[in-house]
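Enquirer: here is the input, now give the coordinates:
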Amino acid sequence: MATAFGAANTAALKDPKILIPSFDGFKPCSSSSSSKINNNSLAFVNHVNALSRRSSVVRAVATPVTPPETEIKRSKVEIIKEQSNFIRYPLNEELLNDNPNVNEAATQIIKFHGSYQQYNRDERGGKSYSFMLRTKNPCGKVPNRLYLTMDDLADEFGIGTLRLTTRQTFQLHGVLKHNLKTVMSSIIHNMGSTLGACGDLNRNVLAPAAPYVRKDYLLAQKTAEDIAALLTPQSGFYYDMWVDGEKMMTAESPEVVKARNDNSHGTNFPDSPEPIYGTQFLPRKFKVAVTVPTDNSVDILTNDVGVVVVNDADGEPQGYNIFVGGGMGRTHRLESTFPRLAEPLGYVPKEDILYAVKAIVVTQRDYGRRDDRKYSRMKYLISSWGIEKFRSVVEQYYGKKFEPFRELPEWEFKSYLGWHEQGDGQLFVGLSIDSGRVGGEVKKTLREMIEKYHLDVRITPNQNLILCGIRKSWRRAISTTLIRAGLLLPKYLEPLNVTAMACPALPLCPLAITEAERGIPDLLKRVRAVFDKVGVKHNESVVIRVTGCPNGCARPYMAELGFVGDGPNSYQIWLGGTPNQSTLARSFMNKVKIHDLEKVLEPLFFYWKRQRKSKEESFGAFTNRTGFEQLQEWVDTWDSSKITPARFHISLFTDKDTFEKLKGLADLQSKSTHQLALEVIRNYVSAQQNGRAE
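Expert: Alright, predicted model coming up:
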C-alpha cells in the first residue's frame, strides 16, 4: 500500500470514522472484486497505481475507504493518534491543569514523548501518580554532560536511582507531573532526548556498546545513529511541548536527509510534517539493532530489523545482511500471540542501507494491523504473509531486489565487562550493574569517576555500564575506587549475575503480574544453591532472565532459563535458549509458585550435570536435545534423595606473604595449601559454635 496522496484525500484522513483494512492490505483489482468498490475509491486506486508505475501491487493510503463488508474498526489508539495534531493534543492541555495525572488519551500521546504514566502499586488507598521518562541513546552513547544531568535529575526529581534498560537507555522513575517540563527541558538542553523512546514508532537503535576503534564497529555505530536519525519524527511536536518550540540543532548526515526526502518509490506522505510516519505513525513499536559478525551483545534476532555489517576478506566493510520479524511480546493463554526470531531478508550494499530500512518500515506502516494491538507488531505480518511475499512488497518500496544473504559466522554473547583496550591508546572498563539499577554507593562512586576524569559512558543491552576513554595512567586509581564501591572485576562476580536480566515490574509497572527486579537477587541465590546441591561447579552458569509479565522486556524467551510472571508469586518457566542468544526458548511449565521452584530446578540441573554430552554442552542445548517430555517426567518423578551430598567450595584470595607462609606449613604436614586452609576454617567454625574461640 503506498501513501502518496493528494489534497483531495487528506480531508478523508481527518474523519475518525474512516476505517482501515486488515493487515493484508488492498488486493489487486480483479473483475470479481471491482464491482464491490465504489467509483471514487476505484479512481483513487487507479491514480495511485499510475503514480507508482507498477501494476503488480495496488497501493493505498494509510486510512483508505474500504468496502462495507470488509470494514474493520481501528483500535482506540489509532483514533487518538489521528486526532492528536501530530502527537500534541490532548497532552498539551492536560499538562496545564492541576491534576496529578493525565487523561486516557494523553497517556497514549505522552508515550511518543518518551514517558509512561505510572502509580505505586505497593500503596493502598489512592493512586500516587508519577511518570517514568526514558531517554533515546543510539548505541547506548551517553556524553559526560548528559550522564551528570541524569544523575542530578534522579536525585532532585526522581526516586534517587537511575535504571539502565535492555535497549541501552536510561529510565528515570518517579517524576511528578508538574516537574515534567523542567526535567524534559533539562535533558534536551544537556545533549539528550526522550523523543520516540516509547510509542508507535522506531525505538532506540541498538549497537555494540564497546568503544573499539575498528572499522566494522565504527560503521555499525554510525549506521545505528543514521537509522535513528532517519526515523526520528519531524513535525516538531516534542520541542513544541517541552522547550516552547525552540529549534534544537542536530547534526544529520546528508545521506540521512536525502534518504528521508526520497519519494521515488512512493514511500512518503507528500507535503506532510511527518513524511515517513504521517498522522498515524506506525501500528506498534518498532525495534532496530545493528551489529558486526559474531557480536550478539544486542540480541540481534529479537528485533523487528536486525542489520549486520558484512566485511570482505580483508576486513573492509562492504554492505549489510538484514534480518526481519523478531519480537518478544505475547499474551498468556493466547496461542496466536508468540515470541519470534527474525529471519534473513537479504543483503544490500553500504550505500543502500537507509533506503532498505525505510522500505521495511513503510511496509509495516501500510500493511501492519491497526485493529488489534496484540497483533500489530511486524512479526505477525511476516508470519501471516511469509518471508517471500514480505520481501516482494519491501522490494517495491526499495526499488531494487535484495541480494542473496551473505554467510555469517556463529554468534557469541559479549558482555564487555572488565578492562579492555579501545585501540586508540586508551582503555574502557565494563561494569556489572545488577538489574541495571544505579543507586546508593554505586551511583555516588560512578558520578565521582565520571566527573573527575570527564569520562563518557555507554549503556550495554545487558543493563551494564561502560566507562570510556580512560588513560592507562588512571587505571589503578579508578580500579581501586570502583572495587571499594562493590563494582568488581569479572573474575570476582557471581557467574549467574553476568548474564542475568530482569524488567522493573512491581511496584511501578502497571502491567506487572509479579516480581522481577526485586525478586531476581533471591532467585539467583536459590539457583546457585541448587547448583551447589547437585554438584554444578561455581564457575558454571546459565542465562537467566525474569519478567513480571509476558511482554518480554528483559527478553526471557531467549534465556536458557526464563521466568515469566503468570500470577501472584507465580511464574511460567521457559527453557531452551542458548548462551549466544540464537535459539528461541519454549514454554515448559505454567503456574509454578515461587516457593516450589526447587522442585523443578533440582531435577533439571541434576540430570544436566550427569547426562550432558560434555562439559561444554550448555543447559539450553541439553534441554533441547533431551526433549520436554523427558524433562517433565524427571520433574514429576523427582526424588531428592538421589543427590549425593555435595562438597561445597570456597574460593580463597590472600596476599603473597600469607600464601607462602601457609604453603610452608602445609608442606611440613604433607598437605596441600587448600587442605590446610579448609582445616583451619573448619576448626575456627567449630570453635565458634562451641563458644570457645581459639
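Enquirer: correct me if wrong: A585 contacts G577.
Expert: Yes. Using C-beta atoms under 8 Å, A585 is in contact with G577, at 4.1 Å. Yep, even glycine has a C-beta here, placed from its N, CA and C like the rest.
Enquirer: who has more neighbours, these two?
Expert: G577 (30 against 26; other C-beta atoms under 10 Å).
Enquirer: wasn't the more buried one part of a helix?
Expert: No. Under DSSP: H, G, I helix; E, B strand; the rest coil, G577 falls outside any helix and is assigned coil.
Enquirer: surely P603 and E633 touch.
Expert: No. Look at P603 against E633 with C-beta under 8 Å: they stay out of range, at 9.3 Å.
Enquirer: out of these two, which sits in the busier spot?
Expert: Taking neighbours as other C-beta under 10 Å, P603 and E633 compare with P603 leading, 24 against 12.
Enquirer: ok, that one - contacts?
Expert: Contact analysis of P603 by C-beta atoms under 8 Å, 6 or more residues apart in numbering lists 634-635, 638.
Enquirer: so what's the residue count around the residue nearest to A154 when sequence neighbours are not counted?
Expert: Once flanking residues are discounted, A154 sits nearest to L162: 5.0 Å by C-beta to C-beta, 6 or more residues apart in numbering. For L162, the neighbour count with other C-beta under 10 Å is 26.
Enquirer: likewise L575?
Expert: L575, neighbours per other C-beta under 10 Å, totals 24.
Enquirer: repeat for E78
Expert: 24.
Enquirer: ok, now K379?
Expert: Residues near K379, counting by other C-beta under 10 Å: 26.
Enquirer: can you classify it as helix, strand or coil?
Expert: With three-state DSSP as the basis, K379 sits in helix.
Enquirer: just to check, it is in contact with G327?
Expert: Yes. The pair K379 and G327 qualifies as a contact (C-beta under 8 Å) at a distance of 4.1 Å.
Enquirer: got any residues that touch both of these two?
Expert: 304, 340.
Enquirer: circling back: who wins on neighbours among the contacts of P603?
Expert: Busiest of the contacts of P603 [other C-beta under 10 Å] is V635, holding 19 neighbours.
Enquirer: dump the residue contacts of it.
Expert: Counted by C-beta under 8 Å, 6+ apart, V635 has contacts 589, 599-600, 603-604.
Enquirer: circling back: and which of the contacts of P603 is nearest to V393?
Expert: Using C-beta to C-beta, V635 comes nearest to V393 of those, at 45.3 Å.
Enquirer: coming back round to it: and for A585 and G577, which residues touch both?
Expert: In contact with both A585 and G577: 557-560, 562, 620, using C-beta under 8 Å, 6+ apart.
Enquirer: among those, which lie within strands?
Expert: Secondary structure assignment by DSSP state E places G562 of those in strands.
Enquirer: PyMOL command to pick out the buried ones of the shared contacts of A585 and G577?
Expert: Remark: buried members of those, expressed as a PyMOL selection using 16 or more other C-beta atoms under 10 Å:
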select buried, resi 557+558+559+560+562+620
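Enquirer: want to throw the shared contacts of A585 and G577 into JSON lines with pLDDT and distance to K222?
Expert: JSON lines is the format used below for these (pLDDT from 0 to 100; distance: C-beta to C-beta, whole Å):
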{"residue": "Y557", "pLDDT": "98", "distance to K222": "30"}
{"residue": "M558", "pLDDT": "98", "distance to K222": "27"}
{"residue": "A559", "pLDDT": "98", "distance to K222": "31"}
{"residue": "E560", "pLDDT": "98", "distance to K222": "33"}
{"residue": "G562", "pLDDT": "98", "distance to K222": "33"}
{"residue": "G620", "pLDDT": "98", "distance to K222": "34"}
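Enquirer: so who does the nearest residue to L231 once chain neighbours are set aside touch?
Expert: In this structure, L231 finds its nearest non-sequential neighbour in N202, 3.8 Å apart by C-beta to C-beta, 6+ apart. By C-beta under 8 Å, 6+ apart, N202 lies in contact with 196, 227-228, 231-232, 282, 286-288, 361.
Enquirer: can you map out the strands along the stretch 201-350 of the chain?
Expert: 288-291, 305-311, 317-324, 343-349 (DSSP state E, counting those that start in this stretch).
Enquirer: also the stretch 51-200 of the chain?
Expert: 115-119, 129-134, 141-142, 162-164, 170-175.
Enquirer: any chance of those strands in JSON lines, plus distance to K181 and mean pLDDT?
Expert: Output for the strands of the stretch 51-200 of the chain, formatted as JSON lines (distance: least, C-beta to C-beta, whole Å; pLDDT from 0 to 100):
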{"stretch": "strand 115-119", "distance to K181": "11", "mean pLDDT": "97"}
{"stretch": "strand 129-134", "distance to K181": "11", "mean pLDDT": "98"}
{"stretch": "strand 141-142", "distance to K181": "22", "mean pLDDT": "98"}
{"stretch": "strand 162-164", "distance to K181": "20", "mean pLDDT": "98"}
{"stretch": "strand 170-175", "distance to K181": "10", "mean pLDDT": "98"}
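Enquirer: so which of the shared contacts of A585 and G577 comes closest to N539?
Expert: E560 (16.0 Å).
Enquirer: you'd agree the closest one is up against W574?
Expert: No. Taking contacts as C-beta under 8 Å, E560 lies outside contact range of W574: 9.1 Å.
Enquirer: between the two, which contacts overlap?
Expert: A585.
Enquirer: tell me which of the contacts of P603 is nearest to P510?
Expert: Checking the contacts of P603 one by one against P510 (C-beta to C-beta), the nearest turns out to be V635, at 33.2 Å.
Enquirer: any idea of the pLDDT on that closest one?
Expert: Looking at V635, its pLDDT reads 98.
Enquirer: surely the residue nearest to A154 meets M150?
Expert: Yes. With contact defined as C-beta under 8 Å, L162 counts as touching M150 (5.9 Å).
Enquirer: shared neighbours of the two, anything?
Expert: 170, 172.
Enquirer: helix or strand: which one has Q396?
Expert: helix 387-398 (DSSP states H and E).
Enquirer: residues in contact with the helix or strand harbouring G430?
Expert: In this structure, G430 sits in strand 427-431 according to DSSP H and E. If you take C-beta under 8 Å, 6+ apart as the criterion, strand 427-431 is touched by 210-211, 415-422, 446, 460, 464-472, 475, 478-479, 482, 487.
Enquirer: now the residues you listed: which count as buried?
Expert: 210-211, 415-417, 420, 422, 446, 460, 464-470, 478, 482, 487.
Enquirer: circling back: kindly reformat the contacts of P603 as JSON lines containing distance to D434 and secondary structure.
Expert: Converted to JSON lines, the contacts of P603 look like this (distance: C-beta to C-beta, whole Å; DSSP: H, G, I helix; E, B strand; the rest coil):
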{"residue": "W634", "distance to D434": "31", "secondary structure": "helix"}
{"residue": "V635", "distance to D434": "29", "secondary structure": "helix"}
{"residue": "W638", "distance to D434": "31", "secondary structure": "coil"}
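Enquirer: among the contacts of V635, which are in strands?
Expert: When the contacts of V635 are checked against strands (DSSP E), the matches are M589.
Enquirer: I'd like the next helix or strand past the helix or strand containing T481.
Expert: Assigned by DSSP H and E, T481 belongs to helix 475-484. Toward the C-terminus, helix 475-484 is succeeded by helix 495-499 as the next helix or strand (DSSP H and E).
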